[in-house]
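Asker: The amino acid sequence is not available; the structure is as follows:
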(Lines give C-alpha, C1' and ligand atoms only; values in the text may rest on other atoms or scores of the structure.)
Protein backbone atom coordinates (compact mmCIF):
# COMPACT_ATOMS: atom_id res chain seq x y z
CA UNK A 1 0.00 0.00 0.00
CA UNK A 2 2.77 2.48 0.91
CA UNK A 3 4.62 1.72 -2.36
CA UNK A 4 1.53 2.40 -4.46
CA UNK A 5 0.84 5.66 -2.59
CA UNK A 6 4.50 6.70 -3.01
CA UNK A 7 4.38 5.82 -6.74
CA UNK A 8 1.13 7.79 -7.10
CA UNK A 9 2.72 10.87 -5.45
CA UNK A 10 5.81 10.66 -7.68
CA UNK A 11 3.64 10.25 -10.77
CA UNK A 12 1.50 13.22 -9.73
CA UNK A 13 4.59 15.40 -9.27
CA UNK A 14 5.95 14.50 -12.72
CA UNK A 15 2.59 14.92 -14.42
CA UNK A 16 2.25 18.50 -13.16
CA UNK A 17 5.71 19.62 -14.37
CA UNK A 18 4.53 20.63 -17.87
CA UNK A 19 1.61 22.57 -16.36
CA UNK A 20 3.96 24.26 -13.90
CA UNK A 21 6.35 25.24 -16.71
CA UNK A 22 3.47 26.77 -18.71
CA UNK A 23 2.28 28.73 -15.66
CA UNK A 24 5.77 30.06 -14.98
CA UNK A 25 6.23 31.05 -18.62
CA UNK A 26 2.89 32.90 -18.59
CA UNK A 27 3.79 34.67 -15.35
CA UNK A 28 7.21 35.56 -16.74
CA UNK A 29 5.60 37.19 -19.78
CA UNK A 30 3.15 39.21 -17.66
CA UNK A 31 6.01 40.41 -15.44
CA UNK A 32 7.61 42.07 -18.44
CA UNK A 33 4.45 43.95 -19.40
CA UNK A 34 3.56 46.67 -16.95
CA UNK A 35 1.19 49.61 -17.06
CA UNK A 36 2.62 53.12 -16.94
CA UNK A 37 -0.42 54.41 -15.03
CA UNK A 38 -1.79 52.92 -11.81
CA UNK A 39 -4.71 54.24 -9.76
CA UNK A 40 -5.62 52.71 -6.40
CA UNK A 41 -7.99 53.09 -3.45
CA UNK A 42 -6.56 52.45 0.02
CA UNK A 43 -8.43 51.33 3.13
CA UNK A 44 -6.68 50.64 6.40
CA UNK A 45 -5.73 52.12 9.76
CA UNK A 46 -3.25 54.58 11.22
CA UNK A 47 -1.90 54.00 14.72
CA UNK A 48 0.05 56.42 16.88
CA UNK A 49 2.99 55.10 18.82
CA UNK A 50 2.48 57.53 21.72
CA UNK A 51 4.93 58.13 24.53
CA UNK A 52 6.63 55.06 26.04
CA UNK A 53 4.62 53.82 29.02
CA UNK A 54 1.65 56.11 28.28
CA UNK A 55 -0.90 53.75 26.74
CA UNK A 56 -3.61 56.46 26.87
CA UNK A 57 -1.73 58.41 24.15
CA UNK A 58 -2.06 55.59 21.62
CA UNK A 59 -4.90 55.88 19.13
CA UNK A 60 -5.90 54.03 15.96
CA UNK A 61 -8.04 55.57 13.23
CA UNK A 62 -9.64 54.21 10.08
CA UNK A 63 -7.87 55.64 7.03
CA UNK A 64 -8.89 55.84 3.37
CA UNK A 65 -6.97 57.24 0.43
CA UNK A 66 -6.35 57.55 -3.29
CA UNK A 67 -3.03 57.06 -5.05
CA UNK A 68 -1.91 57.66 -8.63
CA UNK A 69 1.47 56.35 -9.79
CA UNK A 70 3.21 56.98 -13.09
CA UNK A 71 5.81 54.30 -13.84
CA UNK A 72 8.81 55.90 -15.53
CA UNK A 73 10.19 52.42 -16.30
CA UNK A 74 10.15 48.96 -14.72
CA UNK A 75 12.20 50.11 -11.72
CA UNK A 76 11.04 53.66 -10.86
CA UNK A 77 7.75 55.50 -10.51
CA UNK A 78 6.49 58.85 -9.21
CA UNK A 79 3.19 59.31 -7.46
CA UNK A 80 0.76 61.59 -5.71
CA UNK A 81 -1.58 60.48 -2.93
CA UNK A 82 -4.18 61.84 -0.53
CA UNK A 83 -5.48 60.14 2.62
CA UNK A 84 -8.14 61.00 5.17
CA UNK A 85 -7.95 59.86 8.81
CA UNK A 86 -11.25 59.39 10.64
CA UNK A 87 -9.82 60.76 13.90
CA UNK A 88 -11.16 62.87 16.77
CA UNK A 89 -9.83 65.74 14.65
CA UNK A 90 -9.96 66.08 10.86
CA UNK A 91 -6.72 65.18 9.11
CA UNK A 92 -5.74 64.95 5.45
CA UNK A 93 -2.34 63.63 4.38
CA UNK A 94 -0.85 64.59 1.03
CA UNK A 95 2.37 63.17 -0.42
CA UNK A 96 4.58 62.97 -3.49
CA UNK A 97 6.34 59.58 -3.29
CA UNK A 98 9.11 58.16 -5.42
CA UNK A 99 8.67 54.41 -5.95
CA UNK A 100 11.24 51.68 -6.47
CA UNK A 101 10.02 48.32 -7.85
CA UNK A 102 13.06 46.03 -7.35
CA UNK A 103 11.49 42.62 -8.08
CA UNK A 104 8.11 41.20 -9.04
CA UNK A 105 5.33 43.02 -7.19
CA UNK A 106 7.59 44.26 -4.38
CA UNK A 107 7.67 48.04 -4.05
CA UNK A 108 9.12 50.66 -1.74
CA UNK A 109 8.61 54.40 -1.60
CA UNK A 110 9.73 57.45 0.29
CA UNK A 111 7.72 60.64 0.41
CA UNK A 112 7.54 64.06 2.00
CA UNK A 113 4.19 64.58 3.74
CA UNK A 114 1.93 67.54 4.27
CA UNK A 115 -0.72 67.00 6.94
CA UNK A 116 -3.68 69.37 6.97
CA UNK A 117 -5.12 69.10 10.48
CA UNK A 118 -8.31 70.72 11.79
CA UNK A 119 -8.01 70.86 15.58
CA UNK A 120 -7.88 73.19 18.57
CA UNK A 121 -4.43 74.15 19.83
CA UNK A 122 -5.72 74.24 23.40
CA UNK A 123 -8.72 72.60 25.05
CA UNK A 124 -10.66 75.88 25.32
CA UNK A 125 -9.66 77.27 21.88
CA UNK A 126 -11.76 77.03 18.73
CA UNK A 127 -10.69 74.67 15.95
CA UNK A 128 -8.56 75.91 13.06
CA UNK A 129 -6.59 74.35 10.18
CA UNK A 130 -2.89 73.72 10.77
CA UNK A 131 -0.17 72.55 8.39
CA UNK A 132 2.22 69.91 9.68
CA UNK A 133 5.13 68.38 7.79
CA UNK A 134 6.75 64.98 7.85
CA UNK A 135 7.82 62.00 5.78
CA UNK A 136 6.66 58.48 4.88
CA UNK A 137 8.52 55.25 4.17
CA UNK A 138 6.41 52.50 2.60
CA UNK A 139 6.66 48.84 1.65
CA UNK A 140 4.07 46.86 -0.26
CA UNK A 141 3.56 43.98 -2.65
CA UNK A 142 1.30 44.14 -5.72
CA UNK A 143 -0.60 40.94 -6.41
CA UNK A 144 -1.59 41.38 -10.06
CA UNK A 145 -4.70 39.96 -11.72
CA UNK A 146 -4.63 41.06 -15.37
CA UNK A 147 -4.65 44.87 -15.01
CA UNK A 148 -6.06 44.85 -11.44
CA UNK A 149 -4.00 44.76 -8.25
CA UNK A 150 -4.46 43.99 -4.57
CA UNK A 151 -1.64 45.40 -2.46
CA UNK A 152 -1.03 44.90 1.25
CA UNK A 153 0.84 48.00 2.44
CA UNK A 154 2.65 49.13 5.57
CA UNK A 155 3.92 52.70 6.07
CA UNK A 156 5.96 54.44 8.70
CA UNK A 157 4.97 58.12 8.99
CA UNK A 158 6.58 60.81 11.06
CA UNK A 159 4.44 63.96 11.12
CA UNK A 160 5.41 66.96 13.23
CA UNK A 161 7.80 64.75 15.21
CA UNK A 162 5.14 62.12 16.03
CA UNK A 163 5.64 58.54 14.74
CA UNK A 164 2.69 56.66 13.27
CA UNK A 165 2.26 53.37 11.47
CA UNK A 166 -0.22 53.11 8.62
CA UNK A 167 -1.32 49.71 7.28
CA UNK A 168 -3.99 48.27 5.07
CA UNK A 169 -4.87 47.11 1.58
CA UNK A 170 -4.97 49.02 -1.71
CA UNK A 171 -7.17 47.97 -4.63
CA UNK A 172 -5.92 49.29 -7.94
CA UNK A 173 -6.13 49.24 -11.70
CA UNK A 174 -3.34 49.71 -14.23
CA UNK A 175 -3.88 51.38 -17.58
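Answerer: Sure, I can see it. This is a predicted model, so every value here is computed, not measured.
Asker: Looks like residue 153 contacts residue 165 (just checking).
Answerer: No - counting by CB atoms under 8 Å, residue 153 stays clear of residue 165, with 11.0 Å between them. Yep, even glycine has a C-beta here, placed from its N, CA and C like the rest.
Asker: what about the two, which has more around it?
Answerer: residue 153 (21 against 14; other CB atoms under 10 Å).
Asker: name the element the more buried one belongs to?
Answerer: strand 148-159 (DSSP states H and E).
Asker: Determine how far the following helix or strand past that strand lies from the middle of the whole chain.
Answerer: The helix or strand immediately downstream of strand 148-159 is strand 162-174, counting by DSSP H and E. Chain-centre distance of strand 162-174: 4 Å, with CA atoms, centre = their mean, to the nearest Å.
Asker: what does stretch 162-175 give?
Answerer: 3 Å.
Asker: Name the residues of that stretch that are buried.
Answerer: Within stretch 162-175, the residues scored as buried using 16 or more other CB atoms under 10 Å are 164, 166-168, 170, 172, 174.
Asker: okay, those residues in JSON lines with pLDDT and distance to residue 69 next?
Answerer: Output for the buried residues of stretch 162-175, formatted as JSON lines (pLDDT from 0 to 100; distance: CB to CB, whole Å):
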{"residue": "164", "pLDDT": "95", "distance to residue 69": "22"}
{"residue": "166", "pLDDT": "96", "distance to residue 69": "17"}
{"residue": "167", "pLDDT": "98", "distance to residue 69": "19"}
{"residue": "168", "pLDDT": "98", "distance to residue 69": "17"}
{"residue": "170", "pLDDT": "98", "distance to residue 69": "10"}
{"residue": "172", "pLDDT": "98", "distance to residue 69": "9"}
{"residue": "174", "pLDDT": "96", "distance to residue 69": "9"}
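Asker: can you confirm residue 121 is in a strand?
Answerer: No - going by DSSP: H, G, I helix; E, B strand; the rest coil, the assignment for residue 121 is coil, not a strand.
Asker: quick revisit: return the set of buried residues in the strand holding residue 153.
Answerer: Neighbour-count burial for strand 148-159 [16+ other CB under 10 Å]: 149, 151, 153, 155, 157, 159.
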